[in-house]
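[1] I would like the atomic coordinates for the input below:
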Amino acid sequence: GFEKVQNVGVGTSLQSDEGIESYRVMLGRGHDRDIPLGIEQAILGMKKGERRRIEVPPSVGFETSNWQPEPTTRRGKAQIVDYKSILYGRGSSQPPFPAPTIWDVEVLSFRPST
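    Numbers count the residues shown, from 1 in each chain. Predicted coordinates for the structure are as follows:
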């Protein structure tokens, strides 16, 4: 997980990432992948405990994983709807825009496939 440190007056406060979800994924599943191809490619070679911020262009983004992982919260689902409208456009009033997504990733553990 990630921690955010903020200066508050004289001291320091620490906020944890308790609201952030973790996912168990299997890499190398072809078209039936758990996460976007861009994330899968970035995770390869990472070690346990390593963190990366990954900018994923649409060409290797959500569409490569059938829009998985799907958000579970109402806010998360609304953000996906908004992202799709940016990506595909809204008719003649807003043309499609190839917006990347930003992911903060940490490898918590890994297990080789058998």
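[2] Report the separation between the residue most central in space within the chain and residue 89.
    In the chain, the centroid-proximal residue (C-alpha atoms, centre = their mean) is residue 103; its distance is 3.9 Å. Residue 103 sits 23 Å away from residue 89, going by C-beta to C-beta, to the nearest Å. The way it works is simple: take the backbone N, C-alpha and C, and place the C-beta from them, glycine included.
[3] Could you do residue 66 as well?
    Counting by C-beta to C-beta, the gap from residue 66 to residue 89 is 21 Å.
[4] cool, residue 81 as well?
    With C-beta to C-beta as the criterion, residue 81 and residue 89 are 14 Å apart.
[5] So which of the two has more stuff around it?
    residue 89 (13 against 8; other C-beta atoms under 10 Å).
[6] can you map out the helices along this structure?
    37-43, 74-88 (DSSP state H).
[7] What pLDDT does the model give the closest residue to residue 85 other than its chain neighbours?
    Leaving out its chain neighbours, the residue that sits closest to residue 85 by C-beta to C-beta, 6 or more residues apart in numbering is residue 94, at 7.6 Å. Residue 94 is assigned 89 on the pLDDT scale.
[8] Check residue 91 too.
    pLDDT, residue 91: 84.
[9] before we move on, what about residue 43?
    On the pLDDT scale, residue 43 gets 90.
[10] which residues touch it?
    Applying C-beta atoms under 8 Å, 6 or more residues apart in numbering to residue 43 gives the contacts 27, 35, 105, 107.
[11] Counting neighbours, what do you get for the residue nearest to residue 85?
    Count around residue 94 with other C-beta under 10 Å applied: 11.
[12] Same check on residue 38?
    22.
[13] start the count at 47, not 1, going forward
    With 47 as the first residue, the last one maps to residue 84.
[14] I'd assumed residue 100 was in contact with it.
    Yes: with contact defined as C-beta atoms under 8 Å, residue 84 counts as touching residue 100 (6.8 Å).
[15] Thought residue 69 was touching residue 80, still the case?
    Yes: Residue 80 is within contact range of residue 69, at 7.0 Å (criterion: C-beta under 8 Å).
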